[in-house]
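In: quick one, fold the following:
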Amino acid sequence: MKTDVKARGFVLTEALRAAVHRETVRLVQGLGRPILRISVRLFDVNSARRGGLDKGCLVQVHFADGVSVVGTDVGADLYQSVADVFAKVLRAGRARAERRRARRLRHHLSFARRALPA
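Out: Predicted coordinates:
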């Protein structure tokens, strides 16, 4: 699995890189699915001169089955935005896996009904 972390509008510190790494490990363990690549973009909308809810994180997870899940969050605290967006991506990844399981189950059940003699 490849992880790509980039910051736009400020310098990426080791503390931020460590926070992203912690959340990445938590995501991989929580999903339990093969992941090819995780792209993380950290950004400051208004630059360092202006405050407010302008620090954000965008995460894109590319799964081995060709599907990707994207999440974003903007807030005053970049560390909290990182945690929040990874939680969103984890929920979205789990929901997608559950929908896929349900679809496969419906398919198998309908095939089994057709195969049974009447």
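In: and the top helix by length along the chain, what does it pack onto?
Out: In the chain, ranked by residue count with DSSP state H as the criterion, the top helix is helix 78-115. With contacts defined as 3 or more Cβ pairs under 8 Å, 6 or more residues apart in numbering; DSSP states H and E, the packing partners of helix 78-115 are helix 14-31, strand 35-44, strand 55-63, strand 68-75. Where C-beta positions appear, they are placed from N, C-alpha and C, glycine not excepted.
In: redo those as TSV? Include distance to Val89.
Out: What follows is the helices and strands packed on helix 78-115, written out as TSV (distance: least, Cβ to Cβ, whole Å):
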stretch	distance to Val89
helix 14-31	6
strand 35-44	9
strand 55-63	5
strand 68-75	4
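In: among these, which is the most enclosed?
Out: strand 55-63 (a mean of 21; mean count of other Cβ atoms under 10 Å).
In: and the angle for the longest helix of the chain with strand 55-63?
Out: Relative orientation of helix 78-115 versus strand 55-63 (axes from the mean of the first three to the mean of the last three Cα atoms, to 10 degrees): 30 degrees.
In: average pLDDT for helix 78-115?
Out: The average pLDDT within helix 78-115 is 84.
In: also stretch 4-15?
Out: Stretch 4-15 shows a mean pLDDT of 93 in the predicted model.
In: residue nearest the centroid of this structure?
Out: For the chain, the residue whose C-alpha lies nearest the mean C-alpha position (Cα atoms, centre = their mean) is Val89; its distance is 3.2 Å.
In: OK, contacts around that one?
Out: For Val89, the set of contacting residues under the criterion of Cβ atoms under 8 Å, 6 or more residues apart in numbering consists of Leu27, Val59, Val61, Val69, Val70, Gly71.
In: which one of those residues is nearest to Arg104?
Out: Sorting these by how near they are to Arg104, with Cβ to Cβ, puts Val69 at the top with 18.7 Å.
In: Leu58 versus the residue nearest to the centre of the chain, what's the distance?
Out: As for Val89, its distance to Leu58 is 10 Å (criterion: Cβ to Cβ, to the nearest Å).
In: between these two, which contacts overlap?
Out: With contacts taken as Cβ under 8 Å, 6+ apart, the residues that reach both Val89 and Leu58 are Val70, Gly71.
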